[in-house]
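Student: Structure, please.
(one chain, ligands or ions: 1)
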Amino acid sequence: MLETLNPQPQDKILQLIAMYRDDPRTTKIDLGVGVYKDATGLTPVMRAVKTAEKMLWETETTKTYTGLAGEPAYNAAMVSMILGEGYADRAASVATPGGTGAIRQALELIQLANPKATVWLSNPTWPNHPSIIKYLGMPMAEYRYFDAATRGIDFAGLMDGLGKVRAGDAVLLHGCCHNPTGANLSMDQWRQVVALLAKIGAVPFVDLAYQGFGDGLEEDAEATRLVAASFPEVLIAASCSKNFGIYRERTGVLIALTQPDRKAVVQGNLNFLNRQNYSFPPDHGARLVTMILQDDALRADWKSELEEVRLNMLSLRQSLADALRRATNSDRFDFVATHRGMFSRLGLSEAQVNVLREQHGIYMVGDSRINIAGLNARTVPILAAAIASVAG
Ligand code: LMR
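Tutor: Below you'll find the predicted structure:
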């Protein structure tokens with residue numbers, strides 16, 4: 001049987017991890033996968049996570065199964081962190097293995113509810129979005145998003161694309177810190193998008209993987225909150241990988257907002273999907289997140305460390321934009337300072353990206369997406385000089 005299998009296409013981001021690992025040059029620089037690194041190149045375990053793990057080890061009395069939807073306290077804490085208060089009667093939710101698990105469950109929920117619904121994706125988007133949708137055999141379409149000339153939003157193109165969405169289609173929106181571009185809608189633009197999609201009768205599907213990495217924990221939830229308040233039905237796939245730094249614990253949540261009288265049935269369908277796919281969701285990371293969010297001191301410590309992480313990335317953005325101004329003698333790369341989140345798409349060609357990798361040992365995704373957090377004070381000028389040498 002297995003001899004019938006064909007090789008699968010490689011995930012470009014994961015492929016880059018392997019190429020970087022196998023490169024023997026000690027001067028190599030990894031700007032590939034979206035993982036936060038401090039100035040020493042370490043992806044640290046956050047202080048509050050360490051403390052919570054110690055407390056958990058001391059107090060945990062059982063590792064029996066958790067609830068099928070995860071622990072209610074985790075789901076409630078996540079709904080409140082993302083949406084604020086007032087959603088208890090509308091929010092069905094399940095804990096999932098990471099943000100990707102939440103995306104997968106959301107897509108399967110859409111498929112169960114309306115197999116004909118088209119899922120609309122921004123062009124570009126995280127490559128795993130179309131990959132999973134294709135794997136599930138769901139109808140898919142794209143709306144314009146990025147203006148390659150300005151490295152900002154092509155807002156007219158975006159509104160034009162979203163104008164083609166039909167009632168009942170699902171529209172995937174990056175809640176903050178757009179991956180891969182780093183270019184984000186202003187709140188005024190969000191209001192226009194929401195008005196258009198509400199008029200059409202579309203179902204927004206928000207991917208929120210970087211809350212706290214852009215403009216702040218509350219600020220990064222603002223667009224998602226606007227969406228939640230404006231539609232009868234909303235899907236939100238959120239990840240704790242980045243903002244809690246617990247990548248390998250696989251901690252995410254899928255929230256499905258519905259009308260109060262539909263909540264029990266929607267919740268039952270979410271539970272069913274968890275049972276079909278992996279039974280019970282992983283609990284360790286979710287439990288740490290719950291402990292942190294419920295304890296005032298731990299929560300304050302986590303928020304202040306998250307803020308340090310965010311400000312570090314902002315300052316790296318500013319120094320890279322300054323260094324590129326000097327190295328290229330132009331303002332072409334000023335957008336790096338205004339982008340938000342971990343990523344910026346630089347707008348280099350694939351050939352230029354290849355030269356940077358082969359000749360300079362600088363690894364970025366083929367579409368010229370860089371992970372800002374992969375930089376430090378030493379490597380910023382090296383990157384700026386290398387970019388100037390390929391892009392003049
Ligand atoms: C990324 O885009 O680099 C991250 O979301 C990690 C991943 O799984 O691709």
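Student: what's the closest non-adjacent residue to the residue of the stretch 1-150 of the chain found nearest the ligand?
Tutor: Proximity of the stretch 1-150 of the chain to the ligand (CB to the nearest ligand atom) peaks at residue 34, 3.1 Å away. Yep, even glycine has a C-beta here, placed from its N, CA and C like the rest. Using CB to CB, 6 or more residues apart in numbering and skipping residues adjacent in sequence, the residue nearest residue 34 is residue 342, 5.0 Å away.
Student: Could you verify my assumption that the one you found touches residue 371?
Tutor: Yes: using CB atoms under 8 Å, residue 342 makes contact with residue 371 at a distance of 5.4 Å.
Student: what's near enough to touch the residue nearest to residue 34?
Tutor: With contact set as CB atoms under 8 Å, 6 or more residues apart in numbering, residue 342 has these partners: 34, 36, 177, 179, 182, 210, 213, 242, 313, 371-373.
Student: Restricted to strands, list the residues you listed.
Tutor: Mapping these onto strands (DSSP state E) picks out residue 371.
Student: now, which of the contacts of residue 342 sits nearest the ligand?
Tutor: residue 34 (3.1 Å).
Student: Is it correct that that closest one is in contact with residue 247?
Tutor: No: counting by CB under 8 Å, residue 34 sits too far from residue 247 to count as a contact (9.5 Å).
Student: between these two, which one's more packed in?
Tutor: residue 34 (24 against 18; other CB atoms under 10 Å).
Student: how many neighbours does residue 101 have?
Tutor: If you count neighbours by other CB under 10 Å, residue 101 ends up with 24.
Student: shared neighbours, residue 342 and residue 371?
Tutor: Shared contacts of residue 342 and residue 371 (CB under 8 Å, 6+ apart): residue 34.
Student: Distance-wise, check residue 316 relative to residue 185.
Tutor: Residue 316 is 23 Å from residue 185, where distance means CB to CB, to the nearest Å.
Student: Can you name the residues that contact the residue of the stretch 1-150 of the chain closest to the ligand?
Tutor: Neighbours of residue 34 in contact, by CB under 8 Å, 6+ apart: 13, 179, 242, 342-343, 371.
Student: per-residue pLDDT, it?
Tutor: Predicted confidence (pLDDT) for residue 34: 92.
Student: Equivalent analysis for residue 95, please.
Tutor: pLDDT recorded at residue 95 is 98.
Student: What residues does it make contact with?
Tutor: Applying CB under 8 Å, 6+ apart, we find residue 95 in contact with 66, 69-71, 74-75, 251-253, 281-283, 286.
Student: Show me these that map onto helices.
Tutor: 74-75, 286 (DSSP state H).
Student: Would you map the helices across the stretch 101-250 of the chain?
Tutor: 128-136, 155-162, 187-200, 222-230 (DSSP state H, counting those that start in this stretch).
Student: can I get the ones you listed in a markdown table with distance to the ligand?
Tutor: Shown next, in a markdown table, are the helices of the stretch 101-250 of the chain (distance: least, CB to the nearest ligand atom, whole Å):
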| stretch | distance to the ligand |
| --- | --- |
| helix 128-136 | 6 |
| helix 155-162 | 21 |
| helix 187-200 | 22 |
| helix 222-230 | 18 |
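Student: from these, which stretch is densest packed?
Tutor: With neighbours defined as mean count of other CB atoms under 10 Å, those peak in mean count at helix 222-230, which reaches a mean of 19.
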